[in-house]
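S.K.: Would you be able to build a 3D model of this:
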Amino acid sequence: MDTRLQLLTDWVRQIPGFNSASPEPVSGDASFRRYFRVWREMPGQPRTPFIVMDAPPAHEDCRPFVAIAEHWHGHGVHVPAIEAQDLQQGLLLLEDFGDRLMLAELDGDSADTLYRQALDELVRIGQMPPPANYPLPAYDDALLDREMALFPDWLLEQHLELKLDNQDRALLETAFGLLKESALAQPEVTVHRDYHSRNLLIRAGQAAPGVIDFQDAVTGPVTYDAVSLLKDCYVRWPEADIANWLEYYRQVSLDAGLHRADADTFRQWFELMGMQRHLKAAGIFARLAIRDGKAGYLADIPRTVSYIRDASARQPAFRYFHEWLCEVVIPAIEERIGPLPAAEARQP
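M.R.: Model (predicted):
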């Protein structure tokens, strides 16, 4: 018996208009959270959908989600309104943004408009002051180290079963140090931390996307969320498109006062931030498969590592890391998981 489902059903039925609600599964995500759609039925009003978020307190803390959601919503960022909450039981009733993930809406005709709208929303997020009742964690030295360590710990050693010697570890340590140095040198903004096409929802009649999965927000590098969006682990675009969208974001974020970088500096920040992000993501995908039984994420590892391959090829300081990646890691990925997308030359 699904005791959490029974718990949330009993809870939501106590809320006016939901007394006969039958929660319908919508989706889960890479965490322990689950989502269900329920309908509010009030006399003389149209039947209205809402989302119940089930976040078991033993695994998930709802307080950051609630603090950030209420703060951002109040300042014009398009996150779901919270209609009801029970933090002790880990249950939230949320505004329903529908099912139209940006990922499924993207094609050659729609991409430019959708990405520019998402980048505009990203500037609004970057400008957000931290909630008064929840100081955002810093994207600091320790967090960057923990994230990059996921790559050797989970992907290389556990999933690919590579044996890393002292030379391999020294090479990784050098690369990680350079990436961390670049990240910490960037101007700091409010960072969503997982801003990509599966966490943005397209809504009829609304230019701005609906933003979800923001509970891990931090204060950190100005290019981090742009990397998540434009070098998305779930879809890859030609370099020329990425360059155009990045320059658009540089300009609008410059106009908003988030940084004062020229195009070359901003692109270099973006490239190195992308390597850090994708090292983390590739490790997380392996961990989701091994620890949580979510093997579907393995299929995203070749695309994710292809970004690291292509970015490191363009960085003289990462020459030895790039050679090692291509000679040791990528053959193991292609043997155990699948082929990487072909490399594409960077546009000037």
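S.K.: how much space is there between residue 80 and residue 20?
M.R.: Going from residue 80 to residue 20 by CB to CB, to the nearest Å gives 23 Å. No exception for glycine: its C-beta is placed from N, CA and C like everyone else's.
S.K.: Equivalent analysis for residue 92, please.
M.R.: For residue 92, the distance to residue 20 equals 20 Å [CB to CB].
S.K.: out of those two, which sits in the busier spot?
M.R.: residue 92 (24 against 9; other CB atoms under 10 Å).
S.K.: Which parts of this protein are helices?
M.R.: For the chain, the helices defined by DSSP state H cover 3-12, 63-74, 102-105, 111-126, 141-150, 166-185, 224-230, 239-255, 263-292, 301-313, 319-324, 330-336.
S.K.: ok, and for the fifth one, which residues are buried?
M.R.: Right, helix 141-150. 143-144, 147-148, 150 (16 or more other CB atoms under 10 Å).
S.K.: do the same with the second one
M.R.: Judged by neighbour count (16+ other CB under 10 Å), helix 63-74 contains these buried residues: 64-73.
S.K.: Using CSV, list the CA coordinates for that helix.
M.R.: Extracted in CSV, the C-alpha atoms of helix 63-74 (Å, rounded to 0.1, in the frame of the first residue of the first chain):
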residue,chain,number,x,y,z
ARG,A,63,11.3,24.8,3.9
PRO,A,64,13.7,26.1,1.3
PHE,A,65,11.1,25.5,-1.4
VAL,A,66,8.5,27.4,0.5
ALA,A,67,10.7,30.3,1.4
ILE,A,68,12.1,30.8,-2.1
ALA,A,69,8.7,30.2,-3.8
GLU,A,70,6.9,32.8,-1.7
HIS,A,71,9.8,35.3,-2.1
TRP,A,72,10.3,34.9,-5.8
HIS,A,73,6.5,34.8,-6.6
GLY,A,74,6.1,38.0,-4.6
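S.K.: Take the helices of the chain and write them to TSV, including distance to residue 215.
M.R.: Formatted as TSV, these follow (distance: least, CB to CB, whole Å):
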stretch	distance to residue 215
helix 3-12	18
helix 63-74	4
helix 102-105	19
helix 111-126	13
helix 141-150	15
helix 166-185	21
helix 224-230	15
helix 239-255	23
helix 263-292	16
helix 301-313	22
helix 319-324	32
helix 330-336	30
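S.K.: which one of these is the most hemmed in?
M.R.: Highest mean neighbour count of those: helix 224-230, a mean of 26 (counted as mean count of other CB atoms under 10 Å).
S.K.: What is that helix packed up against?
M.R.: Helix 224-230 sits against helix 111-126, helix 239-255, helix 263-292, with contacts defined as 3 or more CB pairs under 8 Å, 6 or more residues apart in numbering; DSSP states H and E.
S.K.: Spit out the contact partners of residue 114.
M.R.: 102, 105-106, 202, 209 (CB atoms under 8 Å, 6 or more residues apart in numbering).
S.K.: Quickly name whichever of those residues is closest to residue 126.
M.R.: Ranked by distance to residue 126 (CB to CB), those are led by residue 209 at 15.1 Å.
S.K.: number of nearby residues for the closest one?
M.R.: 25.
S.K.: and the gap between it and residue 123?
M.R.: 13 Å.
S.K.: now swap in residue 21 and tell me
M.R.: 37 Å.
S.K.: any low-confidence regions in this protein?
M.R.: 1, 28-31, 345-348 (pLDDT under 70).
S.K.: Centroid-nearest residue for it?
M.R.: Centroid-nearest residue in the chain: residue 194, 1.7 Å away (criterion: CA atoms, centre = their mean).
S.K.: The closest residue to that one other than its chain neighbours: how many residues sit nearby?
M.R.: The spatially closest residue to residue 194, leaving aside those adjacent along the chain, is residue 213, at 5.4 Å (CB to CB, 6 or more residues apart in numbering). When neighbours are counted by other CB under 10 Å, residue 213 registers 20.
S.K.: Show me this protein divided up by domain.
M.R.: Domain assignment of the chain by automatic domain parsing yields the ranges 22-95, 119-336.
S.K.: Columns distance to residue 13 on top of those, output as a markdown table?
M.R.: Formatted as a markdown table, the domains of the chain follow (distance: least, CB to CB, whole Å):
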| stretch | distance to residue 13 |
| --- | --- |
| domain 22-95 | 9 |
| domain 119-336 | 25 |
